[in-house]
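In: Task: produce atomic coordinates for the following.
(one chain, ligands or ions: 3)
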Amino acid sequence: MRTHVRVVWQGQVGDHSPMPIAAPFQEGGNSGTLIGMKDSLLPAVETAWISERARALGFDGCGVAPAEKFPELGHFSDWLDRGYAGAMKYLEDPRRLDPRSPMPGVRSLIVCALNYNSGLPYSTEIEHFKNRTEAPRGWISRYAWGDDYHEVLWEKLNALAAEMRVHFPEPFEVRAYADTGPVHERAAAKYAGLGWLAKNTLLINQSLGSWLFLGVVLTSLPLAPTLGPTDVPSPDRCGTCRRCLDACPTEAIVEPYVLDASRCISYLTIELRGAIPEQFREPMGRHVFGCDICQDVCPWNGRSPRTELGEFQPRALAANDDEANEETLFLPDLLRIASLTQEQFREFFRGSPIKRTKWQGLVRNACIALGNQSDEPGSNRYREITKTLENVAGCADAVMGESARWALSRIQAKGKAKIPGSYPARS
Ligand code: B12
Ligand code: SF4
Ligand code: SF4
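Out: Ligands and ions are numbered 1, 2, ... in the order given. The predicted model follows:
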């Protein structure tokens, strides 16, 4: 009888929300056969089996960390007290301070990493503003070009849990999170031997870089940790580099390893409801959903492997192929985004992480990106931008309308054109 496991899939996406076997994964590594040296631990071969199954299911990395309070979490309360979480109240959940608290009896954290680098150019490599005849282009973060990664990870984590249920005879519990639980996934990944916590705060794996989604399976099984008692986590390989700090347009990385999330473009464009504080609008540039700059400039992503997973390739910016006209979420047409109706938004972004920012948020962001354009008054593009913004400025939504009026005043001030008064309502 091997079916005593209770699998619980938990967490809401609202929370924002590879091994001891083969080379790229194991940054530290367990040298011995009896890891942890506690006689209650399962033999290391079981950890190796889990890693091997994770690899077979398509994960690029997997490791096991003991369910212990990681030292990094000692800064968490200070970080919150400084207001760095902005409006992300869910980060105040005290269970985040200790990985043992989300599930009673948890002994081990199985951390899985999945590469989402679809191989298209980095935002820092694109000079599309030079082409004035083309539509104005925005930037959507690499992680959001394809399908919702929560779904992709859950499917794989679910499959891993199902295999564990067959493999382990004793009763045990598992609970899987992909960005959705009160667990600091990067700290868990560090102690699972998957990489180091870098100055941009992200987890970097020496071979894979940082284009990695993380998922965690909490289990009551006493698995042998990937890092043995004499192993240390992967060393910090940031060295004297500070490219990410210097490149961040909003100075959100306030000191190495510390992010003021309330300044981060990712927070401003995805998590923040309401108006974007004026001081960040210009530095936001062309970003309409998330930001990749602190990863694009990172030398450890210079030769990151590509993923061939169809789920992470850029989707068409349309509900069906006929409409697509080869427009995708890679460098999307800002005019098209700012003109989306609520119904189109719902259709286009079904199953996409972009739905998190909601229609109001995405149109708001596109208006700000349009306001950051610098077209010559009188050019076709200038006229198109003005027309689109005037349309949004007349809509009933206060935040969208205000963002559009701000953008109009910016581009018109540049061209000394009339400052808008009132605009016709949007159809
Ligand atoms: C909240 C959140 C955000 C917030 C805050 C980001 C952050 N750095 O915490 C926002 C919306 C800004 C965000 C942005 C992004 N996110 Co996010 N996010 C999360 C989430 C849900 C929780 C993270 C968390 O707990 N943050 C809380 C703070 C306290 O943690 P921290 O920044 O690591 O802070 C620690 C250090 O600063 C440390 N510290 C060290 N020294 C010192 C000194 C002092 C004085 C202080 C005060 C603190 C301090 O103390 C803190 C506590 O330990 C996780 C999923 C998860 N459940 O873990 C995903 C996650 C971290 N995000 C992810 C991704 C992909 C992104 C983006 C790249 C998306 C994008 N392209 O737009 C950006 C990257 C921005 C960046 N440079 O971090 C991935 C990261 C994968 C990886 N390889 O690391 C995760 C793991 C999601 C996933 N399941 O894959 N995210
Ligand atoms: S994601 Fe962008 S805004 Fe946020 S810390 Fe990185 S570079 Fe700065
Ligand atoms: S850019 Fe440099 S400092 Fe920043 S995370 Fe990468 S290696 Fe570390």
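
In: how about the residues of the protein that lie near ligand 1?
Out: With the criterion set to Cβ under 6 Å from any ligand atom, the chain comes near ligand 1 through 15-17, 72-73, 75-76, 78-79, 82, 88, 91, 141, 143, 178-179, 183-186, 200-203, 210, 212-214, 257-259, 261, 264, 266-267, 271, 290-292, 294. Placement of C-beta: from N, CA and C, glycine included.

In: From ligand 3, how far off is Glu125?
Out: 15 Å (Cβ to the nearest ligand atom, to the nearest Å).

In: That residue - how many residues pack around it?
Out: When neighbours are counted by other Cβ atoms under 10 Å, Glu125 registers 8.

In: and what of Arg303?
Out: The local packing of Arg303 (other Cβ under 10 Å) involves 8 other residues.

In: wait, what's in contact with the residue nearest to it when sequence neighbours are not counted?
Out: Spatial nearest neighbour of Arg303, excluding adjacent residues (Cβ to Cβ, 6 or more residues apart in numbering): Gly209 at 7.8 Å. By Cβ atoms under 8 Å, 6 or more residues apart in numbering, the contact list for Gly209 reads Asn117, Gln295, Cys298, Trp300, Asn301, Arg303, Ser304, Pro305.

In: my read: Gly58 touches Leu114, true?
Out: Yes: judged on Cβ atoms under 8 Å, Gly58 makes contact with Leu114 at a distance of 7.2 Å.

In: re earlier: list only buried entries from the residues of the chain next to ligand 1.
Out: Taking 16 or more other Cβ atoms under 10 Å as the criterion, what is buried in these is 15-17, 73, 76, 79, 88, 91, 141, 143, 178-179, 183-186, 200-203, 210, 212-214, 257, 259, 261, 264, 266-267, 271, 290-292, 294.

In: How about the contacts made by the nearest residue to Ala275 once chain neighbours are set aside?
Out: Excluding the flanking residues, the one nearest Ala275 by Cβ to Cβ, 6+ apart is Val399, at 5.5 Å. By Cβ under 8 Å, 6+ apart, Val399 lies in contact with Gly274, Ala275, Gln360, Arg364.

In: I figured Glu402 was touching Ala275, is that so?
Out: Yes: with contact defined as Cβ under 8 Å, Glu402 and Ala275 form a contacting pair (5.9 Å).

In: for this protein, what spans make up the strands?
Out: 6-9, 61-66, 108-115, 139-140, 173-177, 196-197, 203-204, 212-219, 253-255, 258-259, 287-289 (DSSP state E).

In: Lowest mean pLDDT across those strands, which one is that?
Out: Ranked by mean pLDDT, these bottom out at strand 6-9, with a mean of 32.

In: from the contacts of Val399, which would you call buried?
Out: Counted by 16+ other Cβ under 10 Å, these give Gln360, Arg364 as buried.

In: any chance of the contacts of Val399 in TSV, plus pLDDT and distance to ligand 2?
Out: Formatted as TSV, the contacts of Val399 follow (pLDDT from 0 to 100; distance: Cβ to the nearest ligand atom, whole Å):
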residue	pLDDT	distance to ligand 2
Gly274	97	19
Ala275	98	18
Gln360	98	21
Arg364	98	17
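
In: Now the two most distant members of the contacts of Val399.
Out: Farthest-apart pair in the contacts of Val399 is Ala275 and Gln360; separation 10.6 Å (Cβ to Cβ).

In: Roughly how far does the residue nearest to Ala275 sit from Gly361?
Out: 8 Å (Cβ to Cβ, to the nearest Å).
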